[in-house]
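> model this:
(2 chains)
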2 protein chains.
Amino acid sequence: MKEITIKGWINEVRSLGGIVFIEIIEGNSLKPITVVVKREENPQLVKVAKKIKLGSAVKIKGLEPEKIISRKGREVHATEIKVLAEPIEPPPLDPTGKTKALLDTIIQYRYFALRLPIQKAIFRIRAGLVEASRIFLSQKGLLEVHTPKICGAGAEGGATVFEIDYFGRRAFLSQSPQLYKQMLMCSLPGVYEITPYFRAEKFNTPRHLNESWGIDAEISFIESYEDVMSLLEDLIIHIFNYLKINYNDELSTLNINLNIPRKPFKRIPYSEVLEILRNEGINLKWGEDLDSEAERVLGEIMKEEGYEAYFITCYPWKAKPFYIMRKNEESESFDLDYKGLELASGGQREHRYHKLVENIKDKMLNPETFSFYLEAFKYGMPPHGGFGLGLDRLLMVIIGVKNIREVVLFPRDRQRLVP
Amino acid sequence: MKEITIKGWINEVRSLGGIVFIEIIEGNSLKPITVVVKREENPQLVKVAKKIKLGSAVKIKGLEPEKIISRKGREVHATEIKVLAEPIEPPPLDPTGKTKALLDTIIQYRYFALRLPIQKAIFRIRAGLVEASRIFLSQKGLLEVHTPKICGAGAEGGATVFEIDYFGRRAFLSQSPQLYKQMLMCSLPGVYEITPYFRAEKFNTPRHLNESWGIDAEISFIESYEDVMSLLEDLIIHIFNYLKINYNDELSTLNINLNIPRKPFKRIPYSEVLEILRNEGINLKWGEDLDSEAERVLGEIMKEEGYEAYFITCYPWKAKPFYIMRKNEESESFDLDYKGLELASGGQREHRYHKLVENIKDKMLNPETFSFYLEAFKYGMPPHGGFGLGLDRLLMVIIGVKNIREVVLFPRDRQRLVP
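I've put the predicted structure just below:
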C-alpha cells in the first residue's frame, strides 16, 4: 500500500453495512476513484463520510494498493477526509452521468459538466488538436503570429461584422486573419494563427457560431494551390495520428475509433460536383455555392466511394472573395469537406497589385478601404496561398457530433451571450 | 558543390568587374545569403542579375560549397534566376538595416520590416515564448482552454470596456479570461489561455496597448497564494531557459545575453515597499497603487540588491479587484515586477459564495451583473488562485526594449487602428 492524496469532487456516497463507498472525480482523471471507509478501521471517519454532501470539493488522504486489481478502477482506503467546499445548491446535472443532461443544460453549466468524463475528454481532445496543429505547422517552418482582432478597415463585406466604438472611431472585430497573414507574405515563408473569428451573420444552424475558432495558415513562394492542399492534407493526417497516439484514453471514453484519412484526399472540380448532384436530383446553377443539403448529399456519395475527406476545386470566381486568384470564370481555390461538412477553404491568392485592385472592384468593393492591405503588395509580394480551417468543425467531425455547441466551452450564438 | 534553391528577396545588388554579388534574404534565415554571378561562367545570367530591382521576390538555383568557408555567411553560385515579383515602389525602409528606420515607420510597414534579421528575431522569440509557456503549463496538468471574447455581462468596471452591438443587445469585449477561468475551477485542476486582452482605457504610454496579449492561468485546490507564485516563478524560469536553448541564434542577433532569474524570487510585502520608497523620497499613502515612477525606482533598488524579478505581496484590499481573497485590510495577492516593470498580477481568489457577494458589493458593483459567474460558486468551488501575465511585457523585458510597440506586429493604441 502507498499513501496518496486525492483532490476532487464527490459524485456519490453509498453506505453498505459498516462500509462507506465514496465515488470521487479527480481533476484530471477520466475515471472516478472509489474511496472506501470502514467502520472497523476508523469509526470516526465513517461518520464524517456519511455526512458529506454530494458535489463537495474534498481532499482525501488514503492508502492505495501498489497494484490495481479491481476492474472498476482505483480503490483507496481513506485515512483522512477534509471538506474544502460544500455546495449550497443541489447539482444542476447528474455528475455520475447516469442521468443524461440536455445539451442546453450542459452549455448553461459547462463549468460543472466538466466533472463528467465525456466532457473532460472532449475538451482535452480540443487542446490536443490545437497542440498537434502547432507542432506540425511550426515544424513546417511557419511562424506563429498574433494579428489584431480590432480592425479599422478592410471588412470583406459590410453586413457581417460586429462594430465597435473605438474612442469615437468606427472599428470592427476581425472576421479572420486573412488580410494580415497575406501581408506578412511580403517577408516570411509562412505564418499561422489559431484564433477566434467574429461573424455577425444571423446564423441559426447547428454548424455556426458567431464567435468560432480557426486555424489559419499562409505560405509564400507556392507553385500552385496544390501546395496549399498538400499542406492541409498533411496537417489533417498529422492531427488524427497525434490524437490517436496521445489521446487514446479520451477517444476511448467517447467510444471513438479514429479513421485516419489517406493522402491524397480526393479532388473533385466544382463542375463535376454539380453533375454528381444533378444525378441525385439536386440542381444547382453554375456559380452557386453549395448549401448544407448539397454538401450532405455529396458527403454520402463520396463516402460510398471510400472518401471521407475530399477537396472541391476550381470554384467559380463569383462564389469566392476578392483575394482569391482568378482564372477566367473559375478560381484557384478549394473547399475541404469531410463527411458532408465544410471544414476549410483556401487557395492561391492574387499577389499582383494591379490584378488585386481589379478583383476588389469586380466585387463592388472600394480599393481605398483596403489601402493598408494593398500597400503590402507594392514591394515584391511573391505568389502565395493558404487556408482557414474551422477548429470547432474539425473537432465536431473527430468527436462525431452534429452540433458545434458540443465542442465549444461557452458558445456564442444569437441567443447566447452568457455564461 | 551541391545544388540548392533559394526563395527570397533581393536586398542589394553590387557589380564588380565581371562579377555580380546579390544579397538575398531567405524567409527563415537570420543572415542574408550572397549569390555570385560571374560573366565568365554565365554571361546571359549576369545581364539578368544586373537588371534585378531591389526588393524583388526571386527564386534562384545555384551551387553551394559543401563546406561554408566565408565568415560572412553562405555564398552561392547562381545557375538560374527567376524573378517572381517586382516592386512597383521603392522600399519603405532599408532592408539591409544599414540605415535604421524609426519605430513609427517599422510599425507602418511591419510586413516589410520583417525582412530585417532583427525584426525576424523578435517575432520568432515571441513565438518561442508562447511555445515555452504552453509546454510548461500543459506539462503541469493545466488544460488549454478557449473562453469567449464577446461577453454579455460581468465587466469588472464600466468605463474600460469596448462595447459591441450584438444583434441589438449590449455586449463588450473581454478584458481578460478572469471570470471564465475561475468558473472552470469548479471541475478542473487547472486551466490556461494565451489570449488577447481588450481594454478601452485611454492609455498614452510606452507600456500600454488597447489590445494586448496575456498568459492567463488558474489552479484549484491551492493551499495559499504561495502556490500561485511558485507556479509563476517556475514558468518564467522555464521560458528563459527554453529561449536560451532553442532561440540562441535569435538572441545573438539581438545581442542579448539572457540572465536567468533564480528561484525563489524576492517577496516584499507592500508595506515594506512603501517604506523603501519613502527613503527615496517617494511618499505613497497606504492603499495607493504604485505608479510607473515608483515601480521604476523600486526596480533600481531591487537590482542593486541583486534581484531582477520580485513579487510585491499583501496588497491593500482596496487596490485589488473583488475576486481577490480579502484578509482584513490586506489581500492574498501579488504583483510580479521585473526590473521596474509590472509583468503579472495574481493571487488567491475568494471561493466562498457569500463572501464573494460581499466583496462585489464592497466594490460598489451589483452582484446581479455577475450572476452567471456567481452561479459557478454554488456547487462546491474549491480554493483556487491564478495569475495574468502580460505576454507583450514579458517579451519587452526579454528583448530589452522600452516600447511595447516593438514586440507587437500590428499594435492597437488610441491613434493606431491600421494597418
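
> List of residues touching the longest strand belonging to chain A?
Looking across chain A with DSSP state E, the single longest strand is strand A:2-16. Strand A:2-16 is contacted from outside by A:20-27, A:32-33, A:35, A:49-50, A:52-64, A:66, A:76, A:79, A:95-96, A:115, B:187, B:189, B:220-221, B:380, B:382, using Cβ atoms under 8 Å, 6 or more residues apart in numbering or on different chains. For every residue, glycine as well, the C-beta is placed using N, CA and C.

> That one: how far from the chain's middle?
33 Å (Cα atoms, centre = their mean, to the nearest Å).

> what do you get for stretch A:97-106?
21 Å.

> Could you check that stretch against chain B for contacts?
No: figure legend: stretch A:97-106 not in contact with chain B (Cβ under 8 Å from any Cβ of the partner chain); closest approach 12.0 Å.

> again with stretch A:326-346
No: residues of stretch A:326-346 are not located near chain B by Cβ under 8 Å from any Cβ, the shortest gap being 15.7 Å.

> Next, the buried residues of that stretch.
Neighbour-count burial for stretch A:326-346 flags A:326, A:330-346 (criterion: 16 or more other Cβ atoms under 10 Å in any protein chain shown).

> Among these, which lie within strands?
Checked against DSSP E, those include these in strands: A:326, A:330-331, A:333-338, A:341-346.

> For chain B, what's the nearest residue on the stretch 301-419 of chain A?
Relative to chain B, the nearest point of the stretch 301-419 of chain A is residue A:417 (2.8 Å; Cβ to the nearest Cβ).

> Apart from its chain neighbours, what residue comes closest to that residue?
Excluding its sequence neighbours, the residue lying closest to residue A:417 (Cβ to Cβ, 6 or more residues apart in numbering or on different chains) is residue B:152, at 2.8 Å.

> Check the secondary structure at residue A:61 for me.
What DSSP: H, G, I helix; E, B strand; the rest coil gives for residue A:61 is strand.

> Run through the bridge partners of it.
residue A:5, residue A:80 (DSSP bridges).

> Contact partners for it?
With the criterion set at Cβ under 8 Å, 6+ apart, residue A:61 makes contact with A:3, A:4, A:5, A:6, A:78, A:79, A:80, A:81.

> now the fifth one: how far from residue B:382?
Residue A:78 sits at a distance of 18 Å from residue B:382 (criterion: Cβ to Cβ, to the nearest Å).

> Residue A:94 is in contact with residue A:112, correct?
No: the pair residue A:112 / residue A:94 is not scored as a contact, 10.5 Å apart, by Cβ atoms under 8 Å.

> what about residue A:230, how many residues close to it?
Burial of residue A:230 is recorded as 14 neighbouring residues (other Cβ atoms under 10 Å in any protein chain shown).

> related to what we said a few turns ago, need the phi and psi values for the residue nearest to residue A:417.
Backbone torsions for residue B:152, taken as degrees, to the nearest 10, come to phi -100, psi -20.

> swap in residue A:148?
The phi/psi pair for residue A:148 (degrees, to the nearest 10) is phi -70, psi 140.

> re the thing from before, of residue A:112 and residue A:94, who's got more company?
Neighbour tally, residue A:112 and residue A:94, criterion other Cβ under 10 Å: the higher count belongs to residue A:112, 28 against 14.

> could you list every residue that touches the more buried one?
If you count contacts by Cβ under 8 Å, 6+ apart, then residue A:112 has A:91, A:92, A:93, A:95, B:186, B:187, B:376, B:379 around it.

> The same query, at a cut-off of 6 Å, please.
If you count contacts by Cβ atoms under 6 Å, 6 or more residues apart in numbering or on different chains, residue A:112 has them with A:92, B:186, B:379.

> on that earlier part again, widest-spaced pair of the contacts of residue A:61?
Spatially, the most separated pair among these is A:3 and A:81, at 14.4 Å (Cβ to Cβ).

> Same drill for these two, tell me which one is more crowded.
Neighbour count, other Cβ under 10 Å: between residue A:3 and residue A:81, residue A:81 has more, with 22 against 10.
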